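[1] Next comes the sequence, and after it the predicted model I'd like to discuss.
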Amino acid sequence: MLPWLVQFTIAFVLWFLYVGKLQPDEAVFGVVASAIAAFASRIVLEKDIAPLRAEWRAVAQIWRMPKYMVVGGWEIVAVLLKQIFLRKPAESLFYSVPFDTGGDSDEDAFRRALAVGYTTATPNFVIVGIDHAHRRLVYHQIQKSDVPEMTRRLGAKA
């Protein structure tokens, strides 16, 4: 019961942070949604449906995210300003770089998921996918820039 209660509390606190205020109708919905989330996560964790095994060095690459958010945000603003004032359209480019796709292990799958999630969270990168056959990471950019260091540490060879 204690693990469920901890998960419920975390889910409810996150819900509260998301809505930013706690009115009675939102509180009721938050309690119900948090209870469902805690119940579902207990099932997943107990049945080992989605094992979570990762190299924590890969997870720790998130510390680089604030820099990439600022730099990528500036790149997007610069492209927008060029488009507004100079009538110069965005480059809108598709690229691919060699990528260590690894194997079928949980660790490799989690590392690939982190590479996609972390990199797509930056403003100037959208990961289109990972081409396992050719061992490449395919992405879209509004303006050309270097592949982030965190993405390289997660398997990109750029």
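    Sure, I can see it. Residues are numbered from 1 along each chain as shown.
[2] quick one: pLDDT of Phe12?
    According to the prediction, Phe12 has pLDDT 91.
[3] Can you give me the neighbour number for it?
    Using other CB atoms under 10 Å, the number of residues around Phe12 comes to 19. All C-beta atoms are positioned from the backbone trio N, CA, C, and that covers glycine.
[4] now Met69
    So Met69, with other CB under 10 Å, has 13 neighbours.
[5] Okay, buried residues for the helix or strand harbouring Val77 please.
    Applying DSSP states H and E as the criterion places Val77 in helix 65-85. Within helix 65-85, the residues scored as buried using 16 or more other CB atoms under 10 Å are 65, 68, 71-72, 75-76, 79.
[6] Next one: the residue nearest to Glu149 when sequence neighbours are not counted from Val70, what distance?
    Leaving out its chain neighbours, the residue that sits closest to Glu149 by CB to CB, 6 or more residues apart in numbering is Arg64, at 6.1 Å. Remark: distance between Arg64 and Val70 (CB to CB, to the nearest Å) = 11 Å.
[7] same thing with Ile76?
    Between Ile76 and Val70 the distance is 11 Å, computed by CB to CB.
[8] His134 too?
    Here His134 is placed at a distance of 32 Å from Val70 (CB to CB).
[9] Okay, buried residues for stretch 4-15 please.
    The neighbour-count check on stretch 4-15 (16+ other CB under 10 Å) flags 7-8, 11-12, 15 as buried.
[10] looking at this protein, which helix or strand is least sure?
    Sorting the helices and strands of the chain by mean pLDDT, DSSP states H and E puts helix 56-59 at the bottom, at a mean of 83.
[11] So which bits of it are buried?
    Quick answer for helix 56-59 (16+ other CB under 10 Å): Ala58.
[12] Who are the packing partners of that helix?
    Counting contacts by 3 or more CB pairs under 8 Å, 6 or more residues apart in numbering; DSSP states H and E, helix 56-59 packs against helix 106-120.
[13] Which neighbouring elements make contact with the helix it packs on?
    Judged by 3+ CB pairs under 8 Å, 6+ apart, the packing partners of helix 106-120 are helix 56-59, strand 126-131, helix 149-153.
[14] What are the contacting residues of the shortest one?
    Looking back up the chat, that one is helix 56-59. With contacts defined as CB atoms under 8 Å, 6 or more residues apart in numbering, helix 56-59 is touched by 110-111, 114, 153-154.
[15] looking at these, which has the most residues close by?
    Most neighbours among those, by other CB under 10 Å: Leu154, with 25 neighbours.
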